[in-house]
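In: I would like the atomic coordinates for the input below:
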Amino acid sequence: MYPAKQRWLPFPNETFPATVLQHAPDDVDYVFKLADDPDELCQAYHLLYREYLNVGYIQESPGKLLFTPHHLLPTTTVFLAKSQEAVLSTATLVHDSKPSGLPMDALFHAELDTLRAQNRRILEVCSLASDRCAFSRRGIQNFTKLIFLYCVFLDIDDVCIMVNPRHVHLYKNRCEFEIFAEEKYYPKVNAMAVALRANVHKAREKLDRVYLKFSYQHKLFSHYLSLSIALDASIFRVFGDVQSSKTCRNPLDANVINRFLGHKADALSDVPLDFKKLLHESYPGIRI
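Out: Numbering: from 1, shown residues only. Just a heads-up that it's a prediction; the model follows:
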């Protein structure tokens, strides 16, 4: 059992040699990383727009960007799969908070409140999209699995996700998710949605303690490199020091957000006042 007061089990404080994280560009097809500049975010938002438009979830818009108010939160993390400079896949991690809640509150607020009543810390994985013409199915599977592993080492209790019913079996098989709430109609995308939940503590119990060590960190990197996938060093911060994951801020500022909002003027139209206040405090000069 894990110590009662220890919410997670980090790797020992061994120095992970920089040489292990090195790779020759010619040896990899993809790089998995966290978005760390506005241009990468812009690519991710455009990929979301294009793929959601293709499946009929949204209508055309002039800016050709898709993002939600939760994307603008300073604690939000955007995962990327890249081939050279092109973003091929993306997913967004949103931490629950009182002012902002979670994107899936729009449909499953009552169910999420049952977890909040137990003082559980919740993270939502949302806004998943992949360029299936350029990114292999195997690559997408490995990208999804890495995101789940990353979440397992965060200081949280539950990972939640809202998916189309036809994708439920994929997440149950790959990432330890279970159905959290039955399907409901989601008018925003004109489709049905199911809420899934993974209990992080149960997921950790399935990882034998012997692997939660330096050797596992090395093994993880080596495994992905054997598949011609490089993992950016920023991803490993969560495995070595949970504090690093808490201070990993969204690479946004007021000027960048104002530019994005200029392409999507209605993005914050339904945001509560407390949410807007949080954004104002986080980004002085934001125009909302």
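
In: I'd like the distance between the closest residue to residue 102 other than its chain neighbours and residue 265.
Out: In space, residue 102 comes closest to residue 124 once its chain neighbours are excluded; the distance is 4.4 Å by Cβ to Cβ, 6 or more residues apart in numbering. Any C-beta I mention is one placed from the backbone N, CA and C, and that applies to glycine too. Counting by Cβ to Cβ, to the nearest Å, the gap from residue 124 to residue 265 is 25 Å.

In: the more surrounded of those two?
Out: Set side by side, residue 124 and residue 265 show more neighbours around residue 124, with 25 against 11, by other Cβ atoms under 10 Å.

In: and residue 229, what is it in contact with?
Out: The contact partners of residue 229, by Cβ atoms under 8 Å, 6 or more residues apart in numbering, come to 28-32, 139, 142.

In: Which residue ranges of the protein form strands?
Out: Along the chain, the segments classed as strands by DSSP state E run 30-34, 77-83, 86-95, 122-130, 158-163, 178-186, 191-199, 229-231.

In: can you put those in a markdown table and add mean pLDDT and distance to residue 260?
Out: Shown next, in a markdown table, are those (pLDDT from 0 to 100; distance: least, Cβ to Cβ, whole Å):
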| stretch | mean pLDDT | distance to residue 260 |
| --- | --- | --- |
| strand 30-34 | 94 | 18 |
| strand 77-83 | 96 | 13 |
| strand 86-95 | 97 | 14 |
| strand 122-130 | 97 | 14 |
| strand 158-163 | 96 | 23 |
| strand 178-186 | 94 | 24 |
| strand 191-199 | 95 | 25 |
| strand 229-231 | 90 | 28 |
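
In: With distance to residue 281 added, can I get the ones you listed in JSON lines?
Out: Formatted as JSON lines, the strands of the chain follow (distance: least, Cβ to Cβ, whole Å):
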{"stretch": "strand 30-34", "distance to residue 281": "23"}
{"stretch": "strand 77-83", "distance to residue 281": "20"}
{"stretch": "strand 86-95", "distance to residue 281": "16"}
{"stretch": "strand 122-130", "distance to residue 281": "22"}
{"stretch": "strand 158-163", "distance to residue 281": "26"}
{"stretch": "strand 178-186", "distance to residue 281": "30"}
{"stretch": "strand 191-199", "distance to residue 281": "30"}
{"stretch": "strand 229-231", "distance to residue 281": "34"}
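
In: out of these, which comes closest to residue 42?
Out: The minimum distance between residue 42 and the strands of the chain falls on strand 86-95, with 9.2 Å, by Cβ to Cβ.

In: what are the ranges of the helices in the stretch 101-250 of the chain?
Out: For the stretch 101-250 of the chain, the helices defined by DSSP state H, counting those that start in this stretch cover 105-116, 137-152, 168-175, 200-205, 214-226, 237-240, 242-246.

In: Of those, which stretch is the most buried?
Out: Neighbour counts (mean count of other Cβ atoms under 10 Å) averaged over each of the helices of the stretch 101-250 of the chain peak at helix 237-240, with a mean of 21.

In: Surely residue 156 and residue 115 touch.
Out: No. Counting by Cβ atoms under 8 Å, residue 156 does not reach residue 115; the two are 10.8 Å apart.

In: Identify the contacts common to the two.
Out: With Cβ under 8 Å, 6+ apart, residue 156 and residue 115 have common neighbours residue 122.

In: could you measure residue 72 against residue 43, distance?
Out: From residue 72 to residue 43 the distance is 17 Å (Cβ to Cβ).

In: The helices of the stretch 101-250 of the chain into TSV, with extra columns for mean pLDDT and distance to residue 92?
Out: Below are these laid out as TSV (pLDDT from 0 to 100; distance: least, Cβ to Cβ, whole Å):
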stretch	mean pLDDT	distance to residue 92
helix 105-116	96	15
helix 137-152	91	10
helix 168-175	88	16
helix 200-205	86	18
helix 214-226	75	21
helix 237-240	67	16
helix 242-246	43	15
